[in-house]
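Peer 1: Sharing a sequence plus its predicted fold:
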Amino acid sequence: MWLSEIMLQQTRVEAVKPYYGRFLLELPTIGALAEADEEQLYKLWQGLGYYSRARNLQKAARIIMREHGGVFPNEYGRILSLPGIGPYTAGAIASICFDMPVPAVDGNVLRVIARIESVKEDVALPAVKKAVTDALARIYPKKDCGDFTQGLMELGATVCVPNGKPKCGECPLMDICKSFQNGLTGEIPVKRPPKARKRENITVLLLDCGGKLAVRKRGEKGLLAGLWEFPNHAGRLTGEQALSLAEKWGAGPEKIQEAVEKTHIFTHIEWKMKFYLIFCKNKPKLFEWAAAEELRERHAIPAAFQPPDLHF
């Protein structure tokens with residue numbers, strides 16, 4: 001369950017399913033995850049995004065091996081202390097796996113409780129989420145805690161739905177729901193509008209020398225840290241400028257192919273990306289050079305850096 005909860009953070013269930021099975025085939029135990037090569041880990045995660053989740057997953061596995069004898073801890077405080085695990089994930093694991101009376105308040109549960117109690121404050125505020133968590137903790141059952149947790153989650157996912165009109169006529173809590181009784185289900189939960197994403201222009205150069213493409217690793221900090229990327233430049237370059245940059249890198253550009261464009265959206269940033277395919281005669285040591293098959297097998301290229309007609 002730990003793996004599935006981490007994968008499902010900010011990712012849809014249908015998108016996670018194939019990754020979950022493949023991940024467990026390659027790394028079936030906590031020990032295997034702890035010892036996995038970083039490149040193998042990133043390759044298994046490629047396409048899921050939010051790669052810090054994978055890094056924290058491995059950090060947690062190493063702590064479990066070192067401090068807990070390879071056995072996942074069964075105390076809420078120790079679960080919460082693991083990298084990448086916050087109050088919701090810790091609560092879900094504690095209640096569902098270990099039958100502990102600990103709430104797991106995700107967006108679905110928050111919406112259900114906000115409507116039942118007719119909460120007029122913004123549910124995105126940490127204080128509101130904490131108040132809901134504390135209130136639930138006081139009424140949690142002493143046994144069958146996992147059923148209670150999953151029941152609330154399922155209610156929010158299928159009846160008190162996130163998008164569209166809630167199915168109040170099917171809700172077993174209709175009689176105690178203050179929002180339903182007062183005709184406020186369309187107004188609650190209250191959510192502030194999201195902040196506008198920052199927009200950045202990125203020009204990506206696909207340098208092809210003898211059928212091999214130039215790649216390099218990103219830095220260890222920041223967005224997509226530690227992953228592979230194609231050489232790129234902040235800003236929007238013309239074809240002539242892209243050729244000049246390739247020449248500066250020592251690639252000896254000979255021919256450039258018309259650019260393709262795409263938009264890649266992160267949580268807080270939107271990249272407007274322009275790709276140039278440039279055929280070169282040199283392979284400067286500034287980069288690593290890999291054929292398409294090598295990219296598929298060894299290098300985790302984030303979805304952001306994959307042009308619309310190439311997939312690795």
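Peer 2: Now that the structure is in, tell me what you want to look at. The shown structure was predicted, so the numbers you read here are calculated from the model rather than taken from an experiment.
Peer 1: OK, contacts around Val16?
Peer 2: 4, 7-8, 48 (Cβ atoms under 8 Å, 6 or more residues apart in numbering). Every residue, glycine included, has its C-beta placed from N, CA and C.
Peer 1: Strands along the stretch 101-250 of the chain, start to end?
Peer 2: With strands called from DSSP state E, counting those that start in this stretch, the stretch 101-250 of the chain shows them at 198-209, 212-217, 228-229, 232-234.
Peer 1: Tell me which of those sits nearest to Phe279.
Peer 2: Proximity to Phe279 (Cβ to Cβ) singles out strand 198-209 among the strands of the stretch 101-250 of the chain, at 5.1 Å.
Peer 1: so the residue in the chain sticking out farthest from the centre, which of the three states?
Peer 2: Seen from the C-alpha centroid of the chain, the residue lying at the greatest distance (Cα atoms, centre = their mean) is Glu254, 39.1 Å away. Look at Glu254: counting by DSSP: H, G, I helix; E, B strand; the rest coil, its state is strand.
Peer 1: how far away is it from Thr238?
Peer 2: 18 Å (Cβ to Cβ, to the nearest Å).
Peer 1: what's the answer for Gln306, then?
Peer 2: Applying Cβ to Cβ to Gln306 and Thr238 gives a distance of 23 Å.
Peer 1: how does the chain divide up, domain by domain?
Peer 2: 2-107+126-160, 198-305 (automatic domain parsing).
Peer 1: in stretch 227-243, what counts as buried?
Peer 2: Using 16 or more other Cβ atoms under 10 Å as the test for burial, stretch 227-243 gives 227-232, 237, 242-243.
Peer 1: can you give me the offset of that stretch from its chain's centre?
Peer 2: Here stretch 227-243 is found 26 Å from its chain centre; the criterion is Cα atoms, centre = their mean, to the nearest Å.
Peer 1: Endpoint to endpoint, it covers what distance?
Peer 2: 25 Å (Cα to Cα, to the nearest Å).
Peer 1: ditto for stretch 170-178
Peer 2: 16 Å.
Peer 1: Pull the residues that contact it.
Peer 2: By Cβ under 8 Å, 6+ apart, the residues outside stretch 170-178 that reach it are 112, 115-118, 155, 159-160, 168, 180, 184-185.
Peer 1: Can you get me a residue count around the nearest residue to Ala251 once chain neighbours are set aside?
Peer 2: The shortest distance from Ala251 to any non-neighbouring residue, by Cβ to Cβ, 6 or more residues apart in numbering, is to Cys280 (4.0 Å). For Cys280, the count of nearby residues is 23 (other Cβ atoms under 10 Å).
Peer 1: what's Cys280 sitting at in phi/psi?
Peer 2: phi -130, psi 160 (degrees, to the nearest 10).
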